[in-house]
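Give me a 3D structure for the following:
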Amino acid sequence: MPKLNYKIIFHLMGLLLLFNGGFMLISALVSFITKDGVALQITASGLLALFAGMLLMFMTKDHKKEIKKREGYIVVTFGWLFMSLSGMLPYLVTDAIPSVTDAFFETISGYTTTGATILTDIESLPKGILFWRSTTHWIGGMGIIVLAIAILPLLGIGGMQLFAAEAPGPSADKLHPRITDTAKRLWLIYFGFTAAETIALKLAGMSFFDAINHAMSTLSTGGFSTKNASVAYWNDTPLIQYIIIFFMLLAGMNFVLSYFAFKGKVQKIIKDDEFKLYMTFVFGFTLITALVVYFRADVSVSTIDHPMVLGAGESAFRHGLFQVLAVITTTGFVTADFTMWTPFLTVIFFGLMFLGGSAGSTSGGIKVVRHLLTIRNAFIEFKRTLHPNAILPVRYNTRSVDRTIIFNILAFFILYMLSWIVGASVLGALGLDFVTALGGAASALGNVGPAFGDLSPVDSYNSLPGAGKWWLAFLMLIGRLELFTVLILLTPFFWRNR
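This is a model prediction of the structure:
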């Protein structure tokens, strides 16, 4: 095995720092416009990130312009770490989050679009910091690596290996033969949806600042809000919540399908197996939740801030649909404390944390297509016990799925469940109670945000011990990067040169 091309790895780390610094300067501009008093500090953070990025790129400018699969995995994993470490700067220099542990937790929660927060009074933060917080979501949503791929041709570097390591889910669909054009189209759709939601929320009654922050959090399926009560702050404005519901639904879909919709290829969407199961999950669990909430739970008590405004039936449906989507798509916004909606629904929502959105979406979790293919493979195995000599392929969108993909998915399931069990065990060893440990590990690994016990939708992660925050940060990272991308770096054979 050839030696690693370390120069190109550090060169790309420098490029990512440039991106981070540029986005920090945008946040500094917001801070300047809103006169929140921290514009200079955020500007200094951005300039420091830019300087570090330029220095790294200058020191490695004579790199060999070739990136292979091993370098791709390293760039993706360490790219997220570099972004998170540099992304702490605005929190630290403004004293918004003075603790390094807390600042790193908040930052990696942003980039991994988990949405778990250690903050207890969000509304007291300067607007420039709140904007930066949402920006970390927006960058991480589609993936800073995909963004980098769009300009790598300018450096004479191909980006296929990076896309393979970063693109969410097992889907191999491409919008265009050239991977750089694929990245550009994905970002164009992503940006367009963000702009559309911002306008819709502003027209529905949000301030422009709240609208753009919530749009960035929605399309990234992140969940950071500018309000302590999250989206429950607008429980007296159902239209705002329905707009967020619509865009959460879009964000949890495969972005390739959104591209097909813009091209008028609606049949491709309707016939897509994963899309059909995704919609079945959403509306099936919404129906169950809404009925239980209507007949058994008191929504007016379990909502965080405002009472119902359009009657019990509409309120039960809206809160049920919102929270089911928020958990399935791993967005993590909150309109009500769903842990108070009877023990039955608590179990349902715990299970939804392991579902995830569609492959090719910004959602975390296991992904719907993996569940679909696992179920179909299980039924094939039933048939194979009766007909051992029959050729029974697993099909997806009428095409036969290669057995190696099925093996990969089964391995992913096993690794995911082992990671959750180990993750929860470590939290238990750190002193967390049974429910909090299980929920916290599941939420971090699935990039959901709210959990159970002491980490419920109305609580923050501030009460965790320092070691617990670092451990959950690790779970967020491996969950966001689909396990294999990070965990393969922990194997000894990955680093052998021969």
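
Please enumerate the strands of the stretch 1-150 of the chain.
With strands called from DSSP state E, counting those that start in this stretch, the stretch 1-150 of the chain shows none.

Could you do the stretch 151-300 of the chain as well?
Under DSSP E, counting those that start in this stretch, the stretch 151-300 of the chain gives no strands.

just the helices in it please.
160-166, 179-204, 208-219, 238-251, 255-262, 266-270, 273-296, 299-302 (DSSP state H, counting those that start in this stretch).

then the helix or strand just after the shortest one to PDB, C-alphas only?
With elements assigned by DSSP states H and E, the helix or strand that comes after helix 299-302 is helix 312-328. Once non-C-alpha atoms are left out, helix 312-328 reads as follows in PDB (Å, rounded to 0.1, in the frame of the first residue of the first chain):
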ATOM      1  CA  ALA A 312     -57.800  20.000  20.300                       C
ATOM      2  CA  GLY A 313     -58.000  18.100  17.000                       C
ATOM      3  CA  GLU A 314     -55.900  20.500  15.000                       C
ATOM      4  CA  SER A 315     -53.400  20.900  17.900                       C
ATOM      5  CA  ALA A 316     -53.000  17.200  18.400                       C
ATOM      6  CA  PHE A 317     -52.400  16.700  14.600                       C
ATOM      7  CA  ARG A 318     -50.000  19.600  14.300                       C
ATOM      8  CA  HIS A 319     -47.900  18.700  17.400                       C
ATOM      9  CA  GLY A 320     -47.900  15.000  16.500                       C
ATOM     10  CA  LEU A 321     -46.900  15.700  12.900                       C
ATOM     11  CA  PHE A 322     -44.200  18.200  13.900                       C
ATOM     12  CA  GLN A 323     -42.600  16.000  16.600                       C
ATOM     13  CA  VAL A 324     -42.700  12.800  14.500                       C
ATOM     14  CA  LEU A 325     -41.000  14.700  11.600                       C
ATOM     15  CA  ALA A 326     -38.600  16.400  13.900                       C
ATOM     16  CA  VAL A 327     -37.400  13.000  15.300                       C
ATOM     17  CA  ILE A 328     -37.500  11.000  12.000                       C
END
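
Mind telling me which residue is nearest the centre of the protein?
With distances taken as Cα atoms, centre = their mean, residue 113 lies nearest the centre of the chain, 3.5 Å away.

Quick check: closest non-adjacent residue to it.
Leaving aside its sequence neighbours, residue 113 sits nearest to residue 222 (Cβ to Cβ, 6 or more residues apart in numbering; 4.1 Å). Bear in mind the C-beta positions are built from the backbone N, C-alpha and C, glycine included.

any low-confidence regions in this protein?
1-2, 144-180, 298-311, 497-498 (pLDDT under 70).

max-length helix in it?
What stands out as the longest helix in the chain, according to DSSP state H, is helix 6-34.

Identify each buried residue in that one, please.
8-21, 23-25, 27-31, 34 (16 or more other Cβ atoms under 10 Å).

cool, stretch 200-207 as well?
200-202, 204, 206.

ditto for stretch 460-476
Quick answer for stretch 460-476 (16+ other Cβ under 10 Å): 460-461, 464, 468-469, 471-476.

Now secondary structure and distance to residue 372 too, for the residues you listed, in JSON lines please.
Shown next, in JSON lines, are the buried residues of stretch 460-476 (DSSP: H, G, I helix; E, B strand; the rest coil; distance: Cβ to Cβ, whole Å):
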{"residue": "460", "secondary structure": "coil", "distance to residue 372": "35"}
{"residue": "461", "secondary structure": "helix", "distance to residue 372": "32"}
{"residue": "464", "secondary structure": "coil", "distance to residue 372": "35"}
{"residue": "468", "secondary structure": "helix", "distance to residue 372": "34"}
{"residue": "469", "secondary structure": "helix", "distance to residue 372": "35"}
{"residue": "471", "secondary structure": "helix", "distance to residue 372": "31"}
{"residue": "472", "secondary structure": "helix", "distance to residue 372": "29"}
{"residue": "473", "secondary structure": "helix", "distance to residue 372": "30"}
{"residue": "474", "secondary structure": "helix", "distance to residue 372": "29"}
{"residue": "475", "secondary structure": "helix", "distance to residue 372": "25"}
{"residue": "476", "secondary structure": "helix", "distance to residue 372": "25"}
